[in-house]
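S.K.: Compute the structure for the input listed below.
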Amino acid sequence: AEDFDFLYMILEEIYKKSVILITNYPSKINELDERIRSRLMPELISFKAYKVEEIKGILQERINYAYFDGVFSPETLQPIVQKTFESTDIRMGLFLLKESANSAEDRSRKQVIMEDVEKALIQIGEFKRKEAGKLEDDLKDILEFVKANSGKKIGELFSEYQKINKDIIYKTFQRKIKKLADNGYVQTKIVTGGIGGSTTIVEYDSNKKLTDF
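M.R.: Numbers count the residues shown, from 1 in each chain. Below is the predicted model:
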């Protein structure tokens, strides 16, 4: 996946072309070979994370489409919106809507109450496990490695992981840790001070604080 020769071929050999590249890491372009960058001349378009009101609108539209009127009240929707905003993943909101409605249906109720939402929030761990199953194999390996070595410095993790995967470089490892953190699988914490200056601690997100939501 680190080989971009195909991109050079497209830029060099195809006369009329439009190339669209999608990434969560805009700085990735700086890592491309100079011969590719000199030909690419990209126009960058940033898609920022949804704001709270935007998330509320998206989820309300889904509610209007999928459920009868009155199933969700503003009060029961608000914690779902907030948790979705914190996760930066709209799929989290869709999952919570579904689980809340299922909870109400299981109890033969036509309206979701806070008890149903709280039950759905406890199921967030299940949502993350399902999403983890969709991760690329290398990310799954790194996630399992972090789980077994939670709480270590990122440099220490890299040194240990490199014994398993000798081909990986630090920048790639660092980028994949960030991707796991951005999607809520791990937590990173910058610690300043000490002989080595600031460093990043990587911890596996075990969802032990679900009751704090």
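S.K.: where's residue 118 relative to residue 56, distance?
M.R.: Note on residue 118: its distance to residue 56, by Cβ to Cβ, to the nearest Å, is 19 Å. C-betas here are computed from N, CA, C, even on glycine.
S.K.: Pick out whichever of these two has more residues nearby.
M.R.: For residue 118 and residue 56, the more surrounded residue by other Cβ atoms under 10 Å is residue 56, and the numbers stand at 20 against 16.
S.K.: confidence score at residue 82?
M.R.: You'll see residue 82 listed with a pLDDT of 95.
S.K.: er, residue 32 I mean
M.R.: pLDDT, residue 32: 77.
S.K.: now do residue 52
M.R.: Per the predicted model, pLDDT is 95 at residue 52.
S.K.: for the closest residue to it other than its chain neighbours, what are its contacts?
M.R.: Closest residue in space to residue 52, ignoring its immediate chain neighbours: residue 85 at 5.0 Å, by Cβ to Cβ, 6 or more residues apart in numbering. Going by Cβ atoms under 8 Å, 6 or more residues apart in numbering, residue 85 touches 50, 51, 52, 55.
S.K.: now do residue 180
M.R.: 139, 142, 143, 146, 186.
S.K.: Which one of these is nearest to residue 124?
M.R.: Using Cβ to Cβ, residue 186 comes nearest to residue 124 of the contacts of residue 180, at 15.0 Å.
S.K.: Please report how far that closest one lies from residue 53.
M.R.: To residue 53, residue 186 is 29 Å away according to Cβ to Cβ.
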